[in-house]
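quick one, structure for this:
(one chain, ligands or ions: 1)
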Amino acid sequence: MESFGSRLHRATAQRGPLCVGIDPHAALLARWGLSDDVAGLERFARTVVEALADRVAVLKPQSAFFERFGSRGIAVLESIIRQSREAGALVLLDVKRGDIGSTMAAYADAYLNPDSALCADAITVSPFLGVGSLRPAFDMAAAHGGGVFVLALTSNPEGVAVQHAVGADGRTVAQTVIDEISQVNAGADPLGSLGLVVGATIGETGHDLSKVNGPLLAPGLGAQGGSPADLRRIFGESLRNVLPSYSREVLGAGPEVASLRAAADRAVTACSAVIG
Ligand SMILES: O=C(O)c1cc(=O)[nH]c(=O)n1[C@@H]1O[C@H](COP(=O)(O)O)[C@@H](O)[C@H]1O
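Next comes the predicted model:
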């Protein structure tokens, strides 16, 4: 079975380095002329999938915006995950889960086991309970060709107090996460299946990403102030493994399918010019 790292490598080579987040904020539903209910959510999400799933490498639905409508919102999420994958996009489900290992196994079953209706190609996870506690997700991903993106240096300003904290061995919390993921990805070709999340807004922090050998998801572009030019400064030699991610900047171009496609095209052109 082909690994997630290999599938992602091919997808970005064919479609360009771009992830578009599906974040149906109440404000965006209103801007699109949609009601803030499950019908509006469904119309919004389906329109994004129709516009982009056959052309962008990765779509990243944010689970919270679906969860807030209860089981009917989750049903919409299930259906757009399926449709996106059928149209050829990889789906990175942004759920930011993280728990003790035994519970993590249940999350892995929910999101990375092909028997689950919520199974995606990859998920986001939080390492706050220790990178080792995430092992059930890593194992489930490896067994089924899935991927896991671990938060390392997040795009929000509040993250610094925790992520830059220095441990007894002199490394920051973020560098410890980076090093542990680097170890698991070592030797993978063309790319490991464990990714890191490193915001496009963080500036130069001195963290060493050179051995990650996995995808580096870079949210924070557009609406949070990050730009493709910032990527070069933040990622340096690791730029080739960066997966730039936009949500509101692209979604705000809707609801017309053609406008969404044009916005995604602009984003991928700008990112490709930096990443190559
Ligand atoms: O894991 C993420 O995707 C993520 C990590 C991070 O550090 N910062 C961050 O903004 N995100 C997500 O990326 C998206 C950013 O949305 P925009 O600011 O609209 O582009 C949101 O869904 C966030 O939850």
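
measure Leu243 to Ala223 for me?
17 Å (CB to CB, to the nearest Å). In short, each C-beta sits where N, CA and C put it, glycine included.

who's more crowded, these two?
The neighbour comparison of Leu243 against Ala223 (other CB atoms under 10 Å) goes to Leu243, with 25 against 16.

what pairs with the helix or strand encompassing that one, parallel or antiparallel?
Element membership for Leu243, per DSSP states H and E: strand 242-246. Partners of strand 242-246 in the sheet, by DSSP bridges, are strand 19-22 (parallel), strand 216-218 (parallel).

average pLDDT for it?
Average pLDDT, strand 242-246: 98.

which parts of the protein are strands?
19-22, 58-61, 90-97, 122-125, 147-153, 194-198, 216-218, 242-246 (DSSP state E).

hmm, back to that, and the strand holding Leu243, what's buried?
Val242, Leu243, Pro244, Ser245, Tyr246 (16 or more other CB atoms under 10 Å).

tabulate those residues (JSON lines), appending distance to the ligand.
Supplementary listing: the buried residues of strand 242-246 in JSON lines, determined by distance: CB to the nearest ligand atom, whole Å:
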{"residue": "Val242", "distance to the ligand": "14"}
{"residue": "Leu243", "distance to the ligand": "10"}
{"residue": "Pro244", "distance to the ligand": "10"}
{"residue": "Ser245", "distance to the ligand": "6"}
{"residue": "Tyr246", "distance to the ligand": "5"}
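
identify the farthest-apart pair in those.
Across the buried residues of strand 242-246, the longest distance by CB to CB is 12.9 Å; it joins Val242 and Tyr246.

contacts only, for Phe235.
For Phe235, the contact set (CB atoms under 8 Å, 6 or more residues apart in numbering) comprises Val198, Leu209, Leu216, Ala218, Asn241, Val242.

what two of these are the furthest from one another?
Pairwise over the contacts of Phe235, using CB to CB, the maximum falls at Leu209 and Ala218, 11.1 Å.

okay, and the common contacts of those two?
Residues touching both Leu209 and Ala218 by CB under 8 Å, 6+ apart: Val198, Phe235.

who has more neighbours, those two?
Taking other CB under 10 Å, Leu209 and Ala218 do not tie; Ala218 has more neighbours (31 against 25).

what does the strand holding Leu243 contact?
8, 12, 17-21, 57-58, 60, 195, 200, 215-223, 228, 231, 235, 267, 271, 275.

check those residues against the ligand, which are close?
Restricting the contacts of strand 242-246 to those near the ligand by CB under 6 Å from any ligand atom leaves Gly21, Pro219, Gly220, Gly222, Ala223.

by neighbours, which of those wins?
Counting neighbours by other CB under 10 Å, the top entry in these is Pro219, with 26 neighbours.
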